[in-house]
Structures are given as C-alpha cells and as structure tokens.
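Engineer: Fold the following for me, if possible:
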Amino acid sequence: MEEFRGGNEVVVEFDARSRNEGFARLVAAAYAAQLNPTLEEIADIKTAVSEAVTNAVIHGYEGKSGTIRMCLTQADSDIFIEVSDQGVGIENVLQAMEPTYTTRPDMERSGMGFAFMEAFTDELEVSSEKGKGTTVRMRKHIMPLENAD
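Structural biologist: Here you go, the predicted structure:
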C-alpha cells in the first residue's frame, strides 16, 4: 500500500487500554465525516479501527502499559488509517492473519480481528517485527456523494 503523507493528517496517541478503543473509533469516524460517507462506510471504519486497537491492547502489549498511535490521512476519496504499537510484535504475520488464529485462546477471542479489518476496508497491510511492535495500515474508499445510490 502506498503511504500517503502531506495531505490533511491527524495523529493521535493514547494509552493501550481497552476503554480507549471507543475513543479511537470516534476519532476515525469524525475524521472520515469530511468526505460525507454513508452510515455503512462509517460503521466499516469504526469496526476496522476497533479491531486494530483491540489487537494492539490484547496482543501487542498483552495487557501491560504502552502507547497506541493512530494516524489518519486522506487522498481524494480514500481514508488511510494507520494503527501502530511498540509491543511484542508478531512472529508470523501471515499465520496471524488466518481466520480463527489466536494467540490468546484463554480469552475466548474469535481470532477474527485481521479478517474483519480486511473485510471492512479496501486494503490492509500488516507489518511487524518481533520485540519492536506492529503497524496496521488500512485504506477505505468513500464513494463520492454524486456516485452513491
């Protein structure tokens, strides 16, 4: 995925706590609102962000303290969302992205986080380095109002 910088960029950093997942969802939805998205497009963005932040809290920091960084940018009718942590990292990204794969079966997690991110965005890229953290990059196309049904 091409990284977009130089447009209208918003960066927020927040504690890696489950309660901040709702905050991240609202920030992403408010940012996307500039493009007049449909309710469905907003719901998709909120769901994808929720999954990315939840993964960072549960798997990235394993419940310990840390910081999550979310960067939002826009190019034409696309919203780019980057969620990153400096947690434990992912040993095998391809395996982690398989539906139902989880490193925390004790938490009754479904292992569908990456699958949901992929389903609710138009493009997903995950990069990670063991011991250094993970970055999730997503692109969501917002249908221009004149082309909407």
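
Engineer: Quick check: which ranges of this protein have low pLDDT?
Structural biologist: Within the chain, the set of residues satisfying pLDDT under 70 comprises 1-7, 99-111, 146-149.

Engineer: packing partners for the longest helix along it?
Structural biologist: Secondary structure assigned by DSSP state H gives helix 39-55 as the longest helix of the chain. In this structure, helix 39-55 makes packing contacts with helix 21-32, strand 67-75, strand 78-85, helix 113-120, strand 133-141, judged by 3 or more Cβ pairs under 8 Å, 6 or more residues apart in numbering; DSSP states H and E. Glycine gets a C-beta too; all of them are placed from N, C-alpha and C.

Engineer: Turn the ones you listed into CSV, including distance to Thr54 and mean neighbour count.
Structural biologist: Putting these into CSV (distance: least, Cβ to Cβ, whole Å; neighbours: other Cβ atoms under 10 Å) gives the following:
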stretch, distance to Thr54, mean neighbour count
helix 21-32, 6, 18
strand 67-75, 10, 19
strand 78-85, 10, 22
helix 113-120, 7, 20
strand 133-141, 11, 21
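
Engineer: Could you dump these into CSV with distance to Ala43 added?
Structural biologist: Shown next, in CSV, are those (distance: least, Cβ to Cβ, whole Å):
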stretch, distance to Ala43
helix 21-32, 9
strand 67-75, 17
strand 78-85, 14
helix 113-120, 8
strand 133-141, 11
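
Engineer: Identify whichever of the ones you listed lies nearest to Glu13.
Structural biologist: Each of these was scored for nearness to Glu13 using Cβ to Cβ, and the closest is strand 67-75 (4.9 Å).

Engineer: which of the residues in the longest helix of the chain are buried?
Structural biologist: Using 16 or more other Cβ atoms under 10 Å as the burial criterion, the residues of helix 39-55 that qualify are 41-42, 44-55.

Engineer: likewise stretch 122-129?
Structural biologist: Counting neighbours by 16+ other Cβ under 10 Å, the buried set in stretch 122-129 is 124, 126, 128.
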